[in-house]
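Student: Everything below, folded, please.
(one chain, ligands or ions: 1)
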Amino acid sequence: MAYKLVIFDNDGVLVDSEPTAHRILSGYLTELGYPTTLEESFHYFLGNAGRNVHQVVADRYRGTLPEDFTARCHDRVFAAFREELAATPDADTVLGELRRRGIPYCLASSSDHAWIDLTLDRAGLRPHLPTELVFSAQDVNGVGKPAPDLFLHAAASLGVAPADCLVVEDSPNGVLAARAAGMDVLGYTALMPPQRLTAAGATGLIERLPELLDRI
Ligand SMILES: [Mg+2]
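Tutor: The predicted model follows:
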């Protein structure tokens, strides 16, 4: 199928932020007396933009987190990103190839613009993604995935019908959002078990980003 727009998720798809973010999140929770492994952090929180951490701690431990937990966790993660953040394997090559072929693409992330900007700058992907191609949940009143609003906003901003878009996502929430928007979605399985992405409605799966180039 000839898609007219490829929409990329950011964290875990274009920038390799998830291992760092979850190492710090799980470490901070453990430090506060809620022992959490890296694997548990991926399982519970990946693709949730940190919004349900309070709920999981309440459910698993009948505990509560400090009011400033999210802000302090973000500070720690930002500090780590300044040291060690990189693009995911082949992200730079694939974006460059899409540009070369003249295939429109953009980025749509539930994260805030400040977070997205930091990750793109650190990962060296900014030349591929000028601000007019970067969409955040902040642009749709903070309504992140799994709601379809962000993907619909990105497509409309670039003048493409939802049915002509292909989304690349690594989290069940992202897949749900794409399907709710009426878009095809490739599940990227580098960090997420394929069955969770298929269960959420992924219309295809890729293990490596360059496989995308054969699907458009
Ligand atoms: Mg993601």
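Student: so where do the strands sit in this protein?
Tutor: 5-8, 105-109, 134-136, 165-169, 184-188, 204-206 (DSSP state E).
Student: Can you lay out those as JSON lines showing distance to residue 66, mean neighbour count and mean pLDDT?
Tutor: No exception for glycine: its C-beta is placed from N, CA and C like everyone else's. JSON lines is the format used below for the strands of the chain (distance: least, CB to CB, whole Å; neighbours: other CB atoms under 10 Å; pLDDT from 0 to 100):
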{"stretch": "strand 5-8", "distance to residue 66": "34", "mean neighbour count": "24", "mean pLDDT": "98"}
{"stretch": "strand 105-109", "distance to residue 66": "26", "mean neighbour count": "25", "mean pLDDT": "98"}
{"stretch": "strand 134-136", "distance to residue 66": "26", "mean neighbour count": "22", "mean pLDDT": "98"}
{"stretch": "strand 165-169", "distance to residue 66": "31", "mean neighbour count": "26", "mean pLDDT": "98"}
{"stretch": "strand 184-188", "distance to residue 66": "34", "mean neighbour count": "26", "mean pLDDT": "98"}
{"stretch": "strand 204-206", "distance to residue 66": "39", "mean neighbour count": "17", "mean pLDDT": "98"}
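Student: Including distance to residue 117, could the ones you listed go into CSV?
Tutor: Shown next, in CSV, are the strands of the chain (distance: least, CB to CB, whole Å):
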stretch, distance to residue 117
strand 5-8, 15
strand 105-109, 11
strand 134-136, 8
strand 165-169, 20
strand 184-188, 22
strand 204-206, 26
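Student: Of those, give the one that comes closest to the ion.
Tutor: Shortest separation from the ion across these is recorded for strand 165-169, at 6.5 Å, computed as CB to the ion.
Student: strand partners of the closest one, parallel vs antiparallel please.
Tutor: When pairing is defined by DSSP bridges, strand 165-169 lines up against strand 5-8 (parallel), strand 184-188 (parallel).
Student: and the longest one, how far out from the chain's middle?
Tutor: If you compare the mean C-alpha spot of strand 184-188 with that of the full chain, they lie 12 Å apart, counting by CA atoms, centre = their mean, to the nearest Å.
Student: could you dump it to CSV, C-alpha only?
Tutor: Listed next in CSV are the C-alpha coordinates belonging to strand 184-188 (Å, rounded to 0.1, in the frame of the first residue of the first chain):
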residue,chain,number,x,y,z
ASP,A,184,-2.4,1.1,10.0
VAL,A,185,0.4,0.5,12.6
LEU,A,186,3.6,-1.5,12.6
GLY,A,187,4.6,-2.8,16.0
TYR,A,188,8.3,-2.4,16.7
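Student: need the strands of the chain in TSV with distance to the ion, can you?
Tutor: Below are the strands of the chain laid out as TSV (distance: least, CB to the ion, whole Å):
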stretch	distance to the ion
strand 5-8	9
strand 105-109	8
strand 134-136	13
strand 165-169	6
strand 184-188	8
strand 204-206	14
